[in-house]
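Asks: fold the stuff below for me.
(3 chains)
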Amino acid sequence: MKKNNSGSELPVADNSKHYSFFQDVWDVVRQIPEGRVTTYGAIASYLGTKSSARMVGWAMNSSFMVSPKVPAQRVVNRAGLLSGKAHFATATLMEELLQKEGIQVEADKVVDFGKVFWDPAIELKT
DNA sequence: AGTATGACTCATT
DNA sequence: AAATGAGCCATAC
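Replies: All right, here's what the predicted structure looks like:
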């Protein structure tokens, strides 16, 4: 039931399921349009809620070393807080990247979060 | 091998 | 409504 419309078709590894999970997360994040953000829970939910949203965070932690860049700055927690900013190169990098894309950030929180929220389950469903 | 922790979220208090 | 507890599952120690 996993369909990768973006191109990188991972044949749903029968055994190493967690591996494909990371790949799927990165794929979804890469498809987030500029100026939009999504949440860990939304991604986890889109992928089947099988794993907790925490695993999406772990996937992000590894996202820095994957080949195509993953716009991890566009992934925030459910409240719109930049919970992962501490994990970027600098404490302000995440906020800077978001603002550069047109997303207003105030007090480590995405302004108009409800407007810029991008739900893969809705926008990416197929 | 068992415990602790975390880029989370939801239910309950 | 804010705070707390519990579920979540892979890594780290």
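
Asks: any idea how far residue A:90 is from the residue of chain A at minimum distance from DNA strand B?
Replies: Here chain A gets closest to DNA strand B at one residue, residue A:84, 1.8 Å apart by C-beta to the nearest atom of the strand. For the C-beta atoms, the positions are set from N, CA and C on the backbone; glycine is no exception. According to C-beta to C-beta, to the nearest Å, residue A:84 and residue A:90 sit 13 Å apart.

Asks: higher neighbour count, the two?
Replies: residue A:84 (17 against 10; other C-beta atoms under 10 Å).

Asks: which residues touch that one?
Replies: By C-beta atoms under 8 Å, 6 or more residues apart in numbering, the contact list for residue A:84 reads A:57, A:60, A:72, A:75, A:76, A:94.

Asks: these in strands, which ones?
Replies: A:75, A:76 (DSSP state E).

Asks: looking at the contacts of residue A:84, which is nearest residue A:45?
Replies: Ranked by distance to residue A:45 (C-beta to C-beta), the contacts of residue A:84 are led by residue A:75 at 13.3 Å.

Asks: ranges for the strands of chain A?
Replies: A:38-39, A:75-76, A:105-106, A:109-110.

Asks: what's the most buried one of these?
Replies: Most buried of the strands of chain A by mean neighbour count (mean count of other C-beta atoms under 10 Å) is strand A:75-76; its value is a mean of 26.

Asks: partners of that one in the sheet?
Replies: strand A:38-39 (parallel) (DSSP bridges).

Asks: are the strand it pairs with and DNA strand C in contact anywhere?
Replies: No: shown here: strand A:38-39 not in contact with DNA strand C (C-beta under 7 Å from any atom of the strand), separated by at least 12.8 Å.

Asks: for that strand, what is the average pLDDT?
Replies: Taken as a whole, strand A:38-39 has an average pLDDT of 97.
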